[in-house]
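*Asks:* got a predicted model here, sequence first, then my questions.
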Amino acid sequence: MLSIEKLNEISSQVRRDIVRMVSMAGSGHPGGSLGSTDVLVSLFFSEMKHDPTNWRRDGKGNDIFFLSAGHMSPLFYSVLARSGYFPLNELGSFRKLGSRLQGHPSVEKGLSGVHIASGSLGQGVSVACGAALAKKGASDENSVFVLIGDGESQEGQIWEAAMFGAQHKIDNLIAMTDMNGQQIDGPLKSVMDLGDLKAKWKAFGWDTFTVDGHDKEKIIEAFRRAKELRGNGRPKMLLMRTVMGKGVDFMEGTHHWHGKAPDKAQTERALEQLKETLGDF
Amino acid sequence: MKDIYKNTGNKDTRSGFGAGLLEVGRRNPDVVALCADLTGSLKMDAFAAEFPERFLQCGIAEANMIGVSAGFALSGKIPFAGSFANFITGRVYDQIRQSVAYSETNVKICASHAGITLGEDGATHQIMEDIGLMRMLPGMTVINPCDYNQTKAATIAMAAHHGPVYLRFGRPSVPNFTPENQIFEIGKALRLNKGSDVTIFATGHMVWEALVAAEELEKTGVSVDLIDIHTIKPLDKKAVIDSAHKTKAVVCAEEHLVSGGLGELICGVLSREMPVPVEIVAVDDRFGQSGTPAELMKAYNLDSTAVIDAVKRVLKRKL
């Protein structure tokens, strides 16, 4: 089990990867990726049971992670590569013709770690429900994780899945919402306010927790708690309070960096704020 | 030919699906079934009763059902997701596109009440665009069987086929005339009558109408090559080209819009490989309406008379 200090080093490097990937590609989604970095690093490097070098799409014998908010692909790819799913240097192919690292995750070219295509929003919780039920049916004791965005929660299918998860008592499912409060057209509150998300998920029958999405101790503690509650007949939702663009001052807290690449000067300014801890790809 | 393909008694194709599903459920423990509050209509209740732990009621939430099916499939299960054709294609097109077709998940999309023969419920429920929608998706297999026995056989065959499949069947009782316990071969067209003057390619409920038409035509000395295209995709191109090469005149018949349907598909193949005159019996750019299935088939020119008329037209155009 890695120390918080070590996890923070990984986060710093993952954030560098995100900025560099998006900058090199000239497009992509840095804001949400930077905001959910601490959550995903905590999951992959501390909590999740997984075997990167013997990855199987069916996830048998391991935990499974689904990224429903597919635009966070730079974060997802960096975490996968840094975990050992595929060579680090492949991060440089992000969004390039012929790459396995498509703009949004794809299974077509067989990239280890990606179980399902995502990008068109709202579908991941449903997929995770199916995979979690299959695990229960196979008496596989492991968990299924899925990450959605708060803006994504405006999709009706999310709430179809919310009903389904409770109805079928999918208690080995641990969902996470990246609560950065921003979406493409502006703050959620002005675009389409979701109101009290905690009350909503609770009302749908889910065990719901609000977590500081940048405090790794708290994040890991929340994962533990969610896993302990397996067997209680209720799916789990961890509402991760995050700051979009976290770690790069001029990207923080604004929707302007949802889907925009930094130019050369901006990239340099961003990288000055993010320590190279594990070596750039 | 009616000696071989004789109506052994009217049955609905959806019951063929239900019977096939129960059988694959018994044969293969990996088969799971999902339904969106239409279990009785889809004839999935026998499976649900025998395998309650492998049946998932999804409620009136088809988008989620497609996603859940994808999750089961990538975990190694073989999910059969059932609803009315309208609600399991057009309503959830993007879910099928991303989580099933593009994600290459082994999901079986089972669509009942397809076409205008859904009947009295009217146009909101009568989808006639579904073949087009589904065949446009890369990697999607599209099957439209013609009767109870063939639907049952197709259901069994698609469980053994790895990859996404769209299975289209219907509501009304229609003649059951193909052999019981037939082996269904995906992608292999079935010749129902050998002839030399004109080819009829028919699919789904229109196969029986084409059979009736062919019998009438043979009485007047027109020799009909009648081919059941139960698999729209992958299309048996060789069967299509060979028959067109022989007869030099083609009629296509389907309970679907012209747009995106079998006729357009065959025209696309023949225009490149074997240009011959083609007439299409299908619905041209309009919605359906309420009525009995038989009334609607007649009103929308989807019966044996319409097929005979199309044959007469194409024979006049034959060079």
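*Replies:* Arrived safely, thanks for sending.
*Asks:* all contacts plus neighbour counts: C-alpha atoms, from now on.
*Replies:* Fine.
*Asks:* can you list the residues of chain A near chain B?
*Replies:* Taking Cα under 8 Å from any Cα of the partner chain as the criterion, the neighbours of chain B within chain A are A:57-60, A:106-108, A:115-118, A:120, A:123-135, A:157-158, A:160-161, A:164.
*Asks:* please point out which parts of stretch B:281-292 sit buried.
*Replies:* B:281-283, B:288-292 (16 or more other Cα atoms under 10 Å in any protein chain shown).
*Asks:* ends of it, what's the gap?
*Replies:* The straight-line separation of the ends of stretch B:281-292 (Cα to Cα, to the nearest Å) is 20 Å.
*Asks:* what's it in contact with?
*Replies:* In this structure, residues lying in contact with stretch B:281-292 by Cα atoms under 8 Å, 6 or more residues apart in numbering or on different chains are B:116-117, B:119-123, B:126, B:128, B:251-259, B:263, B:296, B:300-302, B:306-307, B:310.
*Asks:* give me the subset of the residues you listed lying in strands.
*Replies:* Judged by DSSP state E, these include B:251-257 as members of strands.
*Asks:* near chain A, which residues of the stretch 1-150 of chain B are found?
*Replies:* So far as Cα under 8 Å from any Cα goes, the stretch 1-150 of chain B lies against chain A at B:58, B:61, B:63-72, B:74-77, B:94-95, B:98-99, B:102-104.
*Asks:* quick one: low-confidence ranges for the stretch 1-150 of chain B?
*Replies:* In the predicted model, the stretch 1-150 of chain B carries pLDDT under 70 at residues B:1-3.
*Asks:* how about the helices in it?
*Replies:* With DSSP state H, counting those that start in this stretch as the criterion, the stretch 1-150 of chain B has helices at B:13-27, B:45-50, B:62-74, B:93-95, B:130-135, B:148-160.
*Asks:* mean neighbour count for those - can I get that in a markdown table?
*Replies:* Shown next, in a markdown table, are the helices of the stretch 1-150 of chain B (neighbours: other Cα atoms under 10 Å in any protein chain shown):
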| stretch | mean neighbour count |
| --- | --- |
| helix B:13-27 | 23 |
| helix B:45-50 | 17 |
| helix B:62-74 | 31 |
| helix B:93-95 | 20 |
| helix B:130-135 | 23 |
| helix B:148-160 | 24 |
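*Asks:* out of those helices, nearest to residue A:76?
*Replies:* Distance to residue A:76, taken as Cα to Cα, is lowest for helix B:62-74 among the helices of the stretch 1-150 of chain B, at 19.1 Å.
*Asks:* which elements pack onto the closest one?
*Replies:* For helix B:62-74, the elements it packs on are helix A:124-137, helix A:156-167, strand B:31-35, strand B:78-84, helix B:93-95, judged by 3 or more Cα pairs under 8 Å, 6 or more residues apart in numbering or on different chains; DSSP states H and E.
*Asks:* at 7 Å what do you get?
*Replies:* Counting by 3 or more Cα pairs under 7 Å, 6 or more residues apart in numbering or on different chains; DSSP states H and E, the packing neighbours recorded for helix B:62-74 are helix A:124-137, helix A:156-167, strand B:78-84, helix B:93-95.
*Asks:* may I have that helix as CSV, with CA atoms only?
*Replies:* Included here for helix B:62-74 are C-alpha records, laid out as CSV according to Å, rounded to 0.1, in the frame of the first residue of the first chain:
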residue,chain,number,x,y,z
GLU,B,62,-34.8,0.8,-22.5
ALA,B,63,-31.6,2.9,-22.6
ASN,B,64,-30.5,1.4,-19.3
MET,B,65,-31.4,-2.1,-20.5
ILE,B,66,-29.1,-1.8,-23.5
GLY,B,67,-26.2,-0.6,-21.2
VAL,B,68,-26.8,-3.4,-18.7
SER,B,69,-26.8,-5.9,-21.5
ALA,B,70,-23.5,-4.6,-22.7
GLY,B,71,-22.1,-5.0,-19.1
PHE,B,72,-23.3,-8.6,-19.0
ALA,B,73,-21.9,-9.3,-22.4
LEU,B,74,-18.4,-8.0,-21.7
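*Asks:* give me the contact list for that helix.
*Replies:* The contact list for helix B:62-74, computed with Cα atoms under 7 Å, 6 or more residues apart in numbering or on different chains, reads A:57-58, A:123, A:126-131, A:134, A:157, A:160-161, B:36, B:58, B:79, B:81, B:87-88, B:92, B:95-96, B:99-100, B:105-107.
*Asks:* also stretch A:154-167?
*Replies:* Residues from elsewhere that reach stretch A:154-167, judged by Cα under 7 Å, 6+ apart: A:122-123, A:125-126, A:129, A:204-206, A:234-235, B:58, B:61, B:63-64.
*Asks:* mind showing which ranges of chain A have poor pLDDT?
*Replies:* Of all residues in chain A, none has pLDDT under 70.
*Asks:* residue nearest the centroid of it?
*Replies:* Taking Cα atoms, centre = their mean, the centroid of chain A lies closest to residue A:147, which sits 4.6 Å from it.
*Asks:* and it, what are its bridge partners?
*Replies:* Beta bridges link residue A:147 to residue A:67, residue A:176 when assigned by DSSP bridges.
*Asks:* for it, give its distance to chain B.
*Replies:* Noted for residue A:147: a distance of 15 Å to chain B, by Cα to the nearest Cα, to the nearest Å.
*Asks:* go on, residue A:207?
*Replies:* Taking Cα to the nearest Cα as the criterion, residue A:207 is separated from chain B by 20 Å.
*Asks:* bridging residues for that residue?
*Replies:* Beta bridges link residue A:207 to residue A:236, judged by DSSP bridges.
*Asks:* number of nearby residues for it?
*Replies:* 21 (other Cα atoms under 10 Å in any protein chain shown).
*Asks:* from what I see, residue B:36 and residue B:59 are in contact.
*Replies:* Yes: with the criterion set as Cα atoms under 7 Å, residue B:36 and residue B:59 qualify as a contacting pair; they are 4.7 Å apart.
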